[in-house]
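Participant: Give me the fold of what follows.
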Amino acid sequence: MKERYILFEVMSEAPVGEADVKNAAYNSILSFLGEYGSSLASPKFIGYDAKTKQAVVRCSHTELQKVKAALALCSSINGKKAALRLKKVSGTIAGLSR
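Facilitator: Below you'll find the model as predicted:
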């Protein structure tokens, strides 16, 4: 299965941890796509860098547009206002750093 890596920036009014970002991303995808759509997209949280406030999620290439939309619709993390701003998409993790 072909996969895509999505790099996004976390913009929030309060500092957030990796677990909070992971839960927000998964919850946003689940609420937008539902359980069946989420299983097709097979999202996988790769990691979060608190210094740069950037995170990476892997998903199926066929569901890329839906996952991007789901992440963009995230409006809060732990009850605090937040936004996930999409930065880049690549077929490899190394491609995100270019």
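
Participant: which stretches of this protein form strands?
Facilitator: With DSSP state E, the ranges of strands along the chain come out as 3-12, 44-49, 54-60, 76-77, 80-90.

Participant: Tell me which of those strands sits most buried.
Facilitator: Of all the strands of the chain, strand 54-60 carries the top mean neighbour count, a mean of 21, counting by mean count of other Cβ atoms under 10 Å. In this view, the C-beta of every residue, glycine as well, is placed from N, C-alpha and C.

Participant: Of all the strands of the chain, which one is nearest S38?
Facilitator: strand 54-60 (9.7 Å; Cβ to Cβ).

Participant: Is it possible to get a markdown table of the strands of the chain that adds mean pLDDT?
Facilitator: Below are those laid out as a markdown table (pLDDT from 0 to 100):
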| stretch | mean pLDDT |
| --- | --- |
| strand 3-12 | 96 |
| strand 44-49 | 95 |
| strand 54-60 | 97 |
| strand 76-77 | 92 |
| strand 80-90 | 95 |
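
Participant: Can you lay out these as JSON lines showing distance to I29?
Facilitator: Listed next are the strands of the chain as JSON lines, based on distance: least, Cβ to Cβ, whole Å:
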{"stretch": "strand 3-12", "distance to I29": "11"}
{"stretch": "strand 44-49", "distance to I29": "10"}
{"stretch": "strand 54-60", "distance to I29": "8"}
{"stretch": "strand 76-77", "distance to I29": "14"}
{"stretch": "strand 80-90", "distance to I29": "11"}
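
Participant: So for S31, which of these sits nearest?
Facilitator: Across the strands of the chain, closest to S31 is strand 76-77 (Cβ to Cβ), at 11.7 Å.

Participant: Who are the packing partners of the closest one?
Facilitator: helix 18-41 (3 or more Cβ pairs under 8 Å, 6 or more residues apart in numbering; DSSP states H and E).

Participant: OK, contacts around the nearest residue to A14 once chain neighbours are set aside?
Facilitator: Once flanking residues are discounted, A14 sits nearest to K80: 4.6 Å by Cβ to Cβ, 6 or more residues apart in numbering. Counting by Cβ atoms under 8 Å, 6 or more residues apart in numbering, K80 makes contact with S12, E13, A14, V16.
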